[in-house]
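Asker: Test case, fold it:
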Amino acid sequence: MKRFTCLVIVLFGGIFSMCAQSFSVQGNVTDENNLPLLGVNVLVKNETRGTTTDFDGNYSIDNISSGDVLQFTYVGFISKEITITNQKSLDVTLQSDSEALAEVVVIGYGTQKRKDITGAVSVVSAKTIDELNPIKLEQALQGTAAGVNVTPSSGAPGAEININIRGVASNSENGPLVLIDGYQGSLETLNPNDVESISILKDAQAAIYGIAGANGVVLITTKGGKKDTAPTIQYDTYIGMQQTSRKIPVLNATEYAVLINESYANNGQALPFPDVSGLGTGTDFQDEVFDTSPIINHNLTLSGGSEKVTYSVGGSHLYQEGIIGAAKSDFRRSTARFNVGIDISDQFKFTGNSIYTSIDRRSINENGLGSVLFNALNYAPTFAIDQQDTNGIFGNEIINPLSQIENTFNDYNLNKFNGSFSLDYKPLEELVFTSRIGYTLANSKSKTFNPIIDFYGPSKVFNNVRSSVNQNRINDNSYTYDLFGTYDKTFNDMHHVTLTGGMTVIREWGDGLYATGYDVPNNSYEFADISLTTGTNDGLNNSAYKYDIRKLSFFGRLQYDFEGKYLVSGMLRRDASTRFSEENRVGYFPSATAGWILSEEDFLKNSNTVSFLKFRASYGILGNDEAGGAEFYRSLLNGEATYVLDGNLVNGTALGRLANPGAGWEEAEKTNFGVDLRMFKSKLDITADIFREDRNDLLVQGIPVSGIFGGGAPGAGAPTINAGTTRNEGVEFSFKYSDIIGDDFSYSVSYNTTFLKNEVTEVNGTEFIAGGNFGVGQPQPARFQEGFPIGYFYGYKTDGIFQTQADVDNAPSQVALGAAAAPGDLRYVDINGDGVINTDDRTEIGDPIPTATMGLNINLNYKNFDFTAYTYASLGNDMIRNYARNQPNVNRHALYLDRWTGVGTSNDVPRLTTGATSNIAFSEFYVEDASYARIQNVQLGYSLPGEMLSNVGINRLRIYASVNNLYTFTKYKGFDPAASTGEAIGGGIDYGFYPVPRIFIAGLNLNF
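Answerer: Numbers count the residues shown, from 1 in each chain. Below you'll find the predicted structure:
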């Protein structure tokens, strides 16, 4: 009877627990790094029964029956549901939800929920930084944030990296403002492992920083401890080997000799290589200068927290040896960091952090004419590796690159302390006052030793008849003091108001001392110190500088939303800067933003497709006071003057750069319209923006003034004036799709792209400003000119190759370019149609600014395996090939194997000759499409199962292998299509950039 009754109850939906046996389920909940999670909600689905995990991530729940579904939920992680069969022990791993982790975003003087942001803000998380494993933090921004373009100045260890946000807007400083935990700092000295998140303000949202925000703002949050967390030690290390990512194809010894003979014969000269049969391939000087070099990195962090105190302490050491010059081109970076937060009481909270960085960098001549690579490309392959140009056949500047490395001695050292301390006072639940001081103390010194050298060859510019040592010491200091309050309150559950107001005081000061001494004892680097030199006082040179810049700012911001759907904000900042005269010292920078969350409206609120939809717009005025020099409104006595008085030559001092009391800040007018869309339960995240920036009153240097003002004196120069306007406009688009398939597999795919158009809309006081260099004695190839992109290339258009003498006779004369044309020479286009090719026929022939940039990134996780791939592409940017020398006997690029040798043989590459020719004029022949796509990083990792580690007290052990800079797809013939000098005018000229190395890495992540 009991069996029958129980069966009826089951069949008709009765209480199953009357017949089934109940039991307890217990286990542990961890994140994907095998770290315990405190406070995870564990609930029985469709019931109110549940529990939470304890300090160690453990839980236990009673009265569970087979068929029950347990729900595991935790803020910042993807929820998980598991159906219980008969298991009484259940360990669960929750995957972090990148969207939720970014829910609160740092926006400047505060934070804001991501859904409420009405400006264009990109966020790069610590997870992304870890996956990319960058050597320098700037590298983590390339391809991961729409609108951000990152270009290395060199691939040498420790070399500077340039960042532009939404294009190049100024002909002076274009780098963004960087704030680290609220104080002004720099990315280049940070240890990437110390960073928790990066927020990038790209539009009027940055107006809260006024005079410093025109180029965008990068907000860095460093890692700190978490409350109620046991002490955790994290150790990360990797070791790798580096090699060049590219070699430039040049001629081998036999090819070189054949082409040199041909060039001599074409000029009626005797052949320098009567017999080429035994030359073989000769010496490949690129192979000789490139090394396979090590890189090693260690990071150690201790973090944790109690109910009142959080802490994080870390240290790191990086060593990277150069792929050229080995230890003579290396980079060492050591850092120490601490971060502490203390809840002093319910009303007072203290936060402190400090970072110490020590850098030691040695370098070779790595870029430009006369660099090691420049010499390696031009030195003849018929020479032995130790053979000098004793006959001077390569001109006065090309020397043996291996000897150049051997005789290079320099060292740079930096010691830097920076950090901040803040105190929060909360008199009311909705009101917080913050007092914060940030500081930077940096001291650097460098030394360069130039030994006596007389063996490079006759008349070589690198020969030294007298040894010397150059030394300098530089001190750079700053402090930032912020005092502001934030009032945050919701009225009647409908009106949410956040009001922020305060002030900022900034002081930047420092000095530098440069000195040179001659006659170093024993001609040895060991004795290379000015105090030991034996030269007379006449053999000592010195110079110095000093600066002191102060800024005072007041700001206010009002943010309001109605029912969480309609969002508006307004900001105003008043800045005063001592860079300018008292009459022009103060500026006002207003901005406004608005947003509409459509997904909160009734017609979309219950949509199964649209999870979130927001339209937003912003408009604001921002400033830029960076254009070189501490002050623009007064001159210094740092120029040179020589006069003849009473028949005697007298040396004196004159004014340096001329003053301009009327100079003011650059003004950036920014407009942005955007949309944020999430679909399919937030699996798909889409962001799109349309933007425009008009940069007015550019701070321009170099516009000539009348000589009566003294601007032509040695050491003097034209004043800095407001004399130009530019426009950047474009479109940004990004998406990310994430999903979990079953219990074992998850993946995400993200893509971002930016289309950009740049134009100079006005130049005052002159027709154009020229920049960059090409060859010797030729006009500067880049220009800043109205109607064209900043730094566009200005030269001659070509129309193929003259095939016959009749072609030459029927074409405009090219004599004005240096020589009459002959068959095999480049044919230039007569732009103005006057029948003569001369400087009036130069025109736009290239643009160094990319039309589009994009990133494609993939993340896969299967059980304990993880895989990531990051790629980046730049399209439409041109580059000038300027690393070859126009000398009769130098080596040449392999493209000359396809040169013109007779009618119909080539219409692209001109003939070779030692005679005078117009082929050396700057033209389209030297401009190349430098578009490229690069696989930046590929990484495969494996985390050992937790049950294997728990017995030895290890929470997580992960091993991985990765390759940085795996491959670059490009048609560009140089070493690196991504490289740039960083200059707005002339940045796209390749003098022989040191290539970014390809790095093979094996690493370990250990947590216990």
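
Asker: make it CA atoms for all contacts and neighbour counts henceforth
Answerer: Fine.

Asker: Report the buried residues of stretch 554-574.
Answerer: Judged by neighbour count (16 or more other CA atoms under 10 Å), stretch 554-574 contains these buried residues: 554-562, 564-574.

Asker: need the contact list for Phe331.
Answerer: With contact set as CA atoms under 8 Å, 6 or more residues apart in numbering, Phe331 has these partners: 157-158, 318-322, 359-362.

Asker: Quick check: bridge partners of it?
Answerer: Residues in a beta bridge with Phe331, per DSSP bridges, are Gln320, Arg361.

Asker: and if you look at Arg337?
Answerer: Bridge pairing for Arg337 (DSSP bridges) gives the partners Gly314, Ile355.

Asker: Repeat that for Asp676.
Answerer: On the basis of DSSP bridges, Asp676 takes part in beta bridges with Lys614, Thr687.

Asker: thinking again about what came up before, quick check: of the contacts of Phe331, which lies closest to Glu138?
Answerer: The shortest distance between Glu138 and any of the contacts of Phe331, using CA to CA, involves Gly158 and amounts to 11.7 Å.

Asker: Which pLDDT value goes with that closest one?
Answerer: According to the predicted model, the pLDDT of Gly158 comes to 92.

Asker: go on, Val218?
Answerer: Val218 carries a pLDDT value of 94.

Asker: helix or strand for it, which one?
Answerer: strand 217-222 (DSSP states H and E).

Asker: Then Phe673?
Answerer: Assigned by DSSP H and E, Phe673 falls within strand 666-679.

Asker: Packing partners of that strand?
Answerer: Identification of packing neighbours for strand 666-679 by 3 or more CA pairs under 8 Å, 6 or more residues apart in numbering; DSSP states H and E yields strand 610-624, strand 684-696.

Asker: Phe484 is nearest to which of those?
Answerer: Of the helices and strands packed on strand 666-679, the one closest to Phe484 (CA to CA) turns out to be strand 610-624, at 20.4 Å.

Asker: and Val829, how many neighbours does it have?
Answerer: Val829: 20 surrounding residues under other CA atoms under 10 Å.

Asker: same deal with Tyr972?
Answerer: When neighbours are counted by other CA under 10 Å, Tyr972 registers 18.

Asker: so what's it up against?
Answerer: 928-931.

Asker: let's see it at 7 Å
Answerer: With contacts defined as CA atoms under 7 Å, 6 or more residues apart in numbering, Tyr972 is in contact with 928-930.

Asker: Equivalent analysis for Ile453, please.
Answerer: Residues counted as contacts of Ile453 (CA under 7 Å, 6+ apart) are 463-465.

Asker: 6 Å instead?
Answerer: With contacts taken as CA atoms under 6 Å, 6 or more residues apart in numbering, Ile453 has the following neighbours: 463-464.

Asker: coming back round to it: so which of the helices and strands packed on strand 666-679 is the most packed in?
Answerer: Highest mean neighbour count of these: strand 610-624, a mean of 24 (counted as mean count of other CA atoms under 10 Å).

Asker: and the gap between Tyr560 and Asn413?
Answerer: For Tyr560, the distance to Asn413 under the criterion CA to CA, to the nearest Å works out to 49 Å.

Asker: where does Ser599 land in three-state SS?
Answerer: Assigned state for Ser599: helix (three-state reduction, DSSP: H, G, I helix; E, B strand; the rest coil).

Asker: Just confirm it contacts Ser607, I think it does.
Answerer: No - applying CA atoms under 6 Å as the test, Ser599 and Ser607 come out as separate, 8.2 Å apart.

Asker: In terms of neighbours, single out the busier of these two.
Answerer: Set side by side, Ser599 and Ser607 give different neighbour counts by other CA under 10 Å, the larger being at Ser599 (19 against 14).

Asker: need the contact list for that one.
Answerer: When contacts are counted by CA under 6 Å, 6+ apart, Ser599 touches 605, 612-613.

Asker: What are the phi and psi values at the closest residue to Pro272 other than its chain neighbours?
Answerer: Setting aside the residues directly before and after it, Pro272 is nearest to Asn261 in space (CA to CA, 6 or more residues apart in numbering), at 6.2 Å. For Asn261, the backbone dihedrals (degrees, to the nearest 10) come out as phi -60, psi -40.

Asker: Let me know the pLDDT of Asn261.
Answerer: In this prediction, Asn261 carries a pLDDT score of 97.

Asker: now it: how far from Pro823?
Answerer: With distances defined as CA to CA, the gap from Asn261 to Pro823 amounts to 18 Å.

Asker: what's the answer for Gly50, then?
Answerer: 89 Å.

Asker: Surely Val340 is in contact with Val313?
Answerer: No - under the contact definition of CA under 6 Å, Val340 does not touch Val313, with a separation of 8.5 Å.

Asker: Beta-bridge partners for Gly305, please?
Answerer: With beta bridges defined as DSSP bridges, Gly305 has these partners: Thr229, Thr310.

Asker: my read: it touches Thr232, true?
Answerer: No - if you go by CA under 6 Å, Gly305 and Thr232 don't touch, sitting 9.6 Å apart.

Asker: Can you pick out the residue with more neighbours from those two?
Answerer: In this view Gly305 and Thr232 are compared by other CA under 10 Å, and Gly305 has more residues nearby, 21 against 17.

Asker: Now do the more buried one against Ala230, distance only.
Answerer: Spatial separation of Gly305 from Ala230 under the definition CA to CA is 7 Å.

Asker: For Ala146, which non-adjacent residue is closest in space?
Answerer: Sequence neighbours aside, Asn752 is the residue nearest to Ala146 in space, at 5.5 Å (criterion: CA to CA, 6+ apart).

Asker: partner residues bridging that neighbour?
Answerer: Beta bridges link Asn752 to Ser734, Gly855 when assigned by DSSP bridges.

Asker: from here on, count from 753
Answerer: Done: numbering now begins at 753, and the last item shifts to Asn1504.

Asker: hang on, it packs against Met1606?
Answerer: Yes - counting by CA under 6 Å, Asn1504 touches Met1606, with 5.3 Å between them.

Asker: Please name the residues that touch the nearest residue to Phe1487 once chain neighbours are set aside.
Answerer: Ranked by CA to CA, 6+ apart and with sequence neighbours excluded, the top spatial neighbour of Phe1487 is Ile1438, at 4.3 Å. Residues touching Ile1438, when contacts are defined by CA under 6 Å, 6+ apart, comprise 1428-1429, 1486-1487.

Asker: Now do Ile1438 against Ser1486, distance only.
Answerer: Here Ile1438 is placed at a distance of 6 Å from Ser1486 (CA to CA).

Asker: Let me see the contact set for the spatially closest residue to Lys1422 that is not a sequence neighbour.
Answerer: Leaving out its chain neighbours, the residue that sits closest to Lys1422 by CA to CA, 6+ apart is Glu1445, at 4.5 Å. By CA under 6 Å, 6+ apart, the residues touching Glu1445 are 1421-1422, 1479-1480.

Asker: Make a ChimeraX selection of whichever of the residues you listed turn out to be buried.
Answerer: Buried members of these can be picked out in ChimeraX with the line below, counting by 16+ other CA under 10 Å:
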select :1421,1422,1479,1480
